[in-house]
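Chemist: the amino acid sequence is not available; the structure is as follows:
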């Protein structure tokens, strides 16, 4: 009977050692997984840092480009305003000239009508 107890204890000891070995192996695998995760997180942090730098560069570039384009647009708008003022001045001058020509044509028309009337009266008086 002692031998059976001894065999049973030996088997129990062996089973526990096997299970402890499996648990140790599982723990080692978990440790390796944690190490891999830490490396992945470190890699992600580096990627995020790189992305932040890229975004900063792009933002600075866009700010510069937008500023340059806004300045160009403001300059072009100023030139266009000057051109519009000049064109308005020319239109005013042309309108005055047209008004003067209209007055001259109306005067010539009335004189022509008066001469036509005078000619008709002279022909009738003859």
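Modeler: Arrived safely. Keep in mind it's a predicted model, so treat the numbers as computed, not measured.

Chemist: how many residues are close by residue 82?
Modeler: Close neighbours of residue 82, defined as other C-beta atoms under 10 Å, add up to 10. Quick note: C-beta positions are derived from backbone N, CA and C, even for glycine.

Chemist: work out for me the element it sits within.
Modeler: helix 2-125 (DSSP states H and E).

Chemist: measure how far that helix is from the centre of its chain, please.
Modeler: Distance of helix 2-125 from its chain centroid, counting by C-alpha atoms, centre = their mean, to the nearest Å, is 0 Å.

Chemist: how about stretch 119-126?
Modeler: Mean-position distance between stretch 119-126 and its chain equals 84 Å (C-alpha atoms, centre = their mean).

Chemist: contacts for it next, please.
Modeler: Residues outside stretch 119-126 that contact it (C-beta atoms under 8 Å, 6 or more residues apart in numbering): none are found.

Chemist: buried sites along it?
Modeler: By neighbour count on 16 or more other C-beta atoms under 10 Å, the buried set for stretch 119-126 is empty.

Chemist: so for that stretch, mean pLDDT?
Modeler: Here stretch 119-126 scores 85 as its mean pLDDT.

Chemist: mind checking how far residue 53 is from residue 59?
Modeler: Going from residue 53 to residue 59 by C-beta to C-beta, to the nearest Å gives 11 Å.
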